[in-house]
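# I'd like to go over a predicted model; first the sequence, then the structure.
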Amino acid sequence: MSVNNSLYCYGIERFGTEEQKQKFLVPVASGEAIGAYSLTEPMSGSDAATMRSRAAQDGDVYLLNGRKSWVSSAPMADFFIVFMLTAPEKGHKGVTAFLVDPKEVGFSLGKTEPKLGIRASATSEILFEDYRCPLANRLGEEGDGFKIAMAVLDAGRIGIAAQSLGIAEAAYEASLEFAREREAFGKKIGQFQGIAFKIADMKTRIEASRLLTYQAALAKQRAKGTGERYTLEASMAKLFASETAMFCAHAAVQIHAGMGYSKELPVERYFRDAKITEIYEGTSEIQRLVISRNELGLR
Ligand SMILES: Cc1cc2nc3c(=O)[nH]c(=O)nc-3n(C[C@H](O)[C@H](O)[C@H](O)COP(=O)(O)OP(=O)(O)OC[C@H]3O[C@@H](n4cnc5c(N)ncnc54)[C@H](O)[C@@H]3O)c2cc1C
């Protein structure tokens, strides 16, 4: 849902032509089709500008070649936004975005990743071999790709903060109920300070995450139509909420102990699902880089 709405739909809504919106946005926004976003490659993740996939103009098409990895929803996506180099010598200024229909010749799916968590979401490689992408399906101008990719991630990170908050709250609510009911040494376990303080820390971090997420959403809403960035707010929300999700899921397994480790309860799934929020759409290290560079005035 997050990739479909934020990384795919928002990118086309903001940067697409009217013709592109009719073809690539309307079916996805109306729920008839699924969109995916493909920036990452096997040798290029956090440092996205080091991608190797190439797009070269050939008459009225671009020929796309390369291997992209870790594409959420790839096996069932109807359309993709794909980032490739059109001018490798220009580094990140040589990246261009394309709208891709996987039914066309030259597109194929690679391996599907066997994942620790979020296993209801399929993630796979996608391969391009002389894929003919019409010039009309270039999103933005040549060389705009990196700017588009980053602007879209600003928005996406607020979605991941909200996802993190949901996981954290589910872990918290399960823990609260368990701490009220489970007994040991003749007491409810919530009466032990070691458990009670976990509850206090979970609740406090959840509420702080919620406020950071709302602050980022508000900054995005205020920026609409102005072209202003809300990178800092989005990064802070994503960083804090994702680490809160991991903190709460970890505490929830500990509070549930044996039952927290069992697949009979959803707590072990929260633990596995929480981890991804610290990794995709920019790892926690990358969020710290974004925030500190912003504060120190570094580029
Ligand atoms: C389940 C899943 C779904 C995904 N879905 C998508 C998708 O739909 N589309 C897409 O394009 N990508 C997707 N990704 C890719 C994801 O965005 C990358 O995995 C992520 O950006 C990190 O890149 P990497 O795995 O190559 O790690 P690397 O960049 O190789 O990083 C390895 C480690 O080094 C650290 N590191 C790197 N650079 C620095 C630095 N400058 N300072 C400090 N530490 C640093 C990282 O934080 C990390 O801890 C997905 C990944 C997963 C796991």
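Arrived safely, thanks for sending. Numbering: from 1, shown residues only.
# Would you mind measuring from Tyr37 to the ligand?
Plainly put, Tyr37 is 5 Å away from the ligand if you go by CB to the nearest ligand atom, to the nearest Å. The way it works is simple: take the backbone N, C-alpha and C, and place the C-beta from them, glycine included.
# hang on, that residue in a strand?
Yes: the assignment for Tyr37 is a strand, going by DSSP: H, G, I helix; E, B strand; the rest coil.
# what about the longest helix in this structure?
When the chain is parsed with DSSP state H, its longest helix is helix 145-181.
# Give the pairing partners of the following helix or strand past that helix; include direction for each.
Downstream of helix 145-181, the first helix or strand assigned by DSSP states H and E is strand 183-184. As defined by DSSP bridges, the strand partners of strand 183-184 come to strand 187-188 (antiparallel).
# still on that earlier bit, does the longest helix of the chain reach the ligand?
No: judged by CB under 6 Å from any ligand atom, helix 145-181 and the ligand are separated, with a smallest distance of 8.3 Å.
# list the helices and strands that helix packs on?
Applying 3 or more CB pairs under 8 Å, 6 or more residues apart in numbering; DSSP states H and E, one finds that helix 145-181 makes contact with helix 2, helix 11-15, strand 79-85, strand 95-100, strand 187-188, helix 193-223, helix 231-256, helix 267-276.
# Return the distance of that helix from the chain's centre.
Mean C-alpha position of helix 145-181 versus that of the full chain (CA atoms, centre = their mean, to the nearest Å) differs by 10 Å.
# what do you get for stretch 208-226?
On CA atoms, centre = their mean, the centre of stretch 208-226 falls 17 Å from the chain's centre.
# Of all residues in the chain, which one is closest to the ligand?
For the chain, the residue closest to the ligand is Gly45, as judged by CB to the nearest ligand atom, at 1.8 Å.
# picking up where we left off before, now the longest helix of the chain: buried residues?
Neighbour counts over helix 145-181 (16 or more other CB atoms under 10 Å) mark 145-165, 167-172, 174-176, 178-179 as buried.
# what's the angle from it to strand 95-100?
70 degrees (axes from the mean of the first three to the mean of the last three CA atoms, to 10 degrees).
# for helix 145-181, what is the average pLDDT?
For helix 145-181, mean pLDDT rounds to 97.
# What angle do helix 267-276 and it make with each other?
Interaxial angle, helix 145-181 versus helix 267-276 (the same axes, to 10 degrees): 150 degrees.
# now the angle from helix 145-181 to helix 193-223?
Angle of helix 145-181 versus helix 193-223, following the same axes, to 10 degrees, is 150 degrees.
# hmm, back to that, need the helices and strands packed on helix 145-181 in TSV with distance to the ligand and mean neighbour count, can you?
Output for the helices and strands packed on helix 145-181, formatted as TSV (distance: least, CB to the nearest ligand atom, whole Å; neighbours: other CB atoms under 10 Å):
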stretch	distance to the ligand	mean neighbour count
helix 2	9	19
helix 11-15	12	19
strand 79-85	8	25
strand 95-100	12	26
strand 187-188	38	12
helix 193-223	19	16
helix 231-256	12	25
helix 267-276	5	22
